[in-house]
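Colleague: The sequence isn't on hand, but the structure is:
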């Protein structure tokens, strides 16, 4: 009995020591990363102590005791640092933001970051955002672009509430009725915000700030923030009209477009706090299953990869934000290269851009792959091309034999309906839609190149 008690005490002491080490390693790594990358908001908000505090809270409520806690903390720190380092050493990549010609029909429309919610004041990110703008965008895009298929690249809802999913499905019902193929992946807001609204409502303060206040006042608010995978899979199936299957990977074969769409879930890392909910992870197991799906095809077609998190840095003039990154983005990018993916579509950043990623295939030949950051269908454009696009947007694509022949961004004001705006109680609202800047009427010809030793390709 005494020996058993002694072993138990030793295990507990060892676990506490490892826990303390873990709670030091991850904040220290995050703080060094912020200092090293020089994020603008770090200087403006005193970002280093903020990040240390947030990551400490996240780690405290997230990781299991003992060795698991230490291993996970150091693993996340290492991946964040490696991701930030590799983002500065990519080969030559050109960025642009072409505007899709007005009046042209599109075979494929790609939308992301709709952030549909139950009531506008309950948005998690920006309380002034009003998702009726998304509905006006959708109502106008269907008759204006007449797409044969529509891909939704995540963050379709703001907190993953069942009512928001219901509203979203109702909005896309006319699309399904007109025969539009719908394909969708989940974003971090669809998956990892399960506790946000409930915890914030305890103090009557919406958004992430309210969550952290509730976390301090009610420690029981901590814990798994993620919706179960099977629940998210069923919601996606109801939205797209598919038969319910696993969340990911999924292979959608479109005979109409002559192309295959591989849908990945980049939210495989469970989250316990909004501090870490935006960090993405695909995982080797999912990539292996995706490879089996591609290898099992009898008649291979051009492949398009869809996930929520970005795989490339958002441009040489835009700093990589460590807590928005996908931890295994380099591995996913290599997977796309090895399968000669035609294009990658993603959301997450609210930054519209088209990146021409250059790589070398197994035979040593240079190849180019389109990596498309879709921007947001709700929030104004951010990043390098915010001035050119100026507002919420989507991506329109024309295909021939399954391959891209034209691709461009569609500013929301070009297709929005003129229906009167109403709030969630049906009251008329003044029209405050953003006008398209004059510069957005032409192709955004600005290009930027990442530093590289050979940019002749």
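Modeller: Cool, got the structure. All figures in this text were calculated on a predicted structure; none of them were measured in a lab.
Colleague: so when I look at residue 276, I'm seeing a strand, right?
Modeller: No. Using DSSP: H, G, I helix; E, B strand; the rest coil, the assignment for residue 276 is coil, not a strand.
Colleague: Could you list the low-pLDDT ranges of the stretch 201-350 of the chain?
Modeller: For the stretch 201-350 of the chain, residues meeting the criterion pLDDT under 70 lie at 201-224, 272-275, 317-320, 322.
Colleague: Which parts of it are strands?
Modeller: Taking DSSP state E, counting those that start in this stretch to define them, one finds strands in the stretch 201-350 of the chain at 250-254, 259-263, 303-306, 343-346.
Colleague: Can I get the ones you listed in TSV including mean neighbour count?
Modeller: No exception for glycine: its C-beta is placed from N, CA and C like everyone else's. Listed next are these as TSV, based on neighbours: other C-beta atoms under 10 Å:
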stretch	mean neighbour count
strand 250-254	18
strand 259-263	23
strand 303-306	26
strand 343-346	26
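Colleague: Could you export those strands as a markdown table, including distance to residue 95?
Modeller: Compiled in a markdown table, the strands of the stretch 201-350 of the chain are given as follows (distance: least, C-beta to C-beta, whole Å):
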| stretch | distance to residue 95 |
| --- | --- |
| strand 250-254 | 28 |
| strand 259-263 | 24 |
| strand 303-306 | 19 |
| strand 343-346 | 14 |
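Colleague: Nearest to residue 193, out of these?
Modeller: Between residue 193 and the strands of the stretch 201-350 of the chain, the shortest separation by C-beta to C-beta is 19.0 Å, and it involves strand 343-346.
Colleague: What is the burial count for residue 367?
Modeller: Residue 367: 13 surrounding residues under other C-beta atoms under 10 Å.
Colleague: again but with residue 295, I slipped
Modeller: As a measure of burial, residue 295 has 9 neighbours, counting by other C-beta under 10 Å.
Colleague: same question, the one 3 residues further on
Modeller: Around residue 298 sit 4 other residues, with neighbours defined as other C-beta under 10 Å.
Colleague: Ok, residue 380 next?
Modeller: 16.
Colleague: next one: the one 10 residues further on
Modeller: Residue 390 is flanked by 20 other residues according to other C-beta under 10 Å.
Colleague: What count of nearby residues applies to the residue nearest to residue 248 when sequence neighbours are not counted?
Modeller: Among residues not flanking residue 248 along the chain, residue 265 sits closest, at 3.4 Å (C-beta to C-beta, 6 or more residues apart in numbering). For residue 265, the neighbour count with other C-beta under 10 Å is 27.
Colleague: check contacts around residue 265.
Modeller: By C-beta atoms under 8 Å, 6 or more residues apart in numbering, residue 265 lies in contact with 185-186, 229, 247-249, 282, 286, 307.
Colleague: could I get the residues you listed as TSV with neighbour count and distance to residue 391?
Modeller: As requested, the contacts of residue 265 are exported to TSV (neighbours: other C-beta atoms under 10 Å; distance: C-beta to C-beta, whole Å):
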residue	neighbour count	distance to residue 391
185	30	24
186	29	25
229	16	34
247	24	32
248	25	31
249	23	33
282	26	31
286	22	34
307	31	24
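Colleague: The residues you listed in helices, which ones?
Modeller: When helices are assigned by DSSP state H, the members of the contacts of residue 265 inside them are 229, 286.
Colleague: Taking the contacts of residue 265, tell me the two that lie furthest apart.
Modeller: Greatest spatial distance among the contacts of residue 265 (C-beta to C-beta): 229 and 307, at 15.0 Å.
Colleague: and stretch 277-285, how far apart are its ends?
Modeller: Distance between the two ends of stretch 277-285: 21 Å, counting by C-alpha to C-alpha, to the nearest Å.
Colleague: which residues sit against that stretch?
Modeller: Under the contact criterion C-beta under 8 Å, 6+ apart, stretch 277-285 has outside partners 76, 80, 188, 192-193, 225, 264-269, 271, 307-309, 323-329, 331-332, 348.
Colleague: can you do 7 Å?
Modeller: Counting contacts by C-beta atoms under 7 Å, 6 or more residues apart in numbering, the residues outside stretch 277-285 that touch it are 188, 192-193, 225, 264, 266-269, 271, 307-309, 323-328, 332.
Colleague: are any of the residues you listed buried, and which?
Modeller: Among these, those buried by neighbour count (16 or more other C-beta atoms under 10 Å) are 188, 192-193, 225, 264, 266-269, 271, 307-309, 323, 325-328, 332.
Colleague: can you map out the helices along the protein?
Modeller: With DSSP H as the definition, the chain shows helices at residue ranges 2-37, 40-45, 47-62, 67-86, 132-145, 162-171, 173-177, 188-192, 196-201, 207-217, 229-240, 284-295, 329-338, 386-389.
Colleague: list the helices and strands the last one packs on?
Modeller: Helices and strands touching helix 386-389, by 3 or more C-beta pairs under 7 Å, 6 or more residues apart in numbering; DSSP states H and E: there are none.
Colleague: which parts of stretch 387-404 are buried?
Modeller: Neighbour-count burial for stretch 387-404, counted by 16+ other C-beta under 10 Å, picks out 388-399, 402, 404.
Colleague: Compute the first-to-last residue distance for stretch 137-155.
Modeller: From the first residue to the last, stretch 137-155 extends over 16 Å; the measure is C-alpha to C-alpha.
Colleague: Buried residues in it, which are they?
Modeller: 137-142, 144-145, 147-155.
Colleague: Please apply the same query to stretch 163-178.
Modeller: Buried, per 16+ other C-beta under 10 Å, within stretch 163-178: 164-169, 171-172, 175.
Colleague: Return the member of these nearest to residue 412.
Modeller: Distance to residue 412 across the buried residues of stretch 163-178 (C-beta to C-beta) is lowest for residue 171, with 14.8 Å.
Colleague: Looks like residue 152 contacts residue 111 (just checking).
Modeller: Yes. The criterion here is C-beta atoms under 7 Å, and residue 152 meets it with residue 111 at 5.6 Å.
Colleague: Is it correct that residue 244 is in contact with residue 233?
Modeller: Yes. Taking contact to mean C-beta under 7 Å, the distance of 6.2 Å between residue 244 and residue 233 places them in contact.
Colleague: More neighbours: the two, which one.
Modeller: Looking at residue 244 and residue 233 with other C-beta under 10 Å, you find the greater number of neighbours at residue 233, namely 19 against 11.
Colleague: Tell me if I'm right that the more buried one and residue 247 touch.
Modeller: Yes. Using C-beta under 7 Å, residue 233 is in contact with residue 247, at 4.2 Å.
Colleague: any idea which of the helices of the chain scores lowest on pLDDT?
Modeller: Out of the helices of the chain, helix 40-45 stands lowest, with a mean of 41 (criterion: mean pLDDT).
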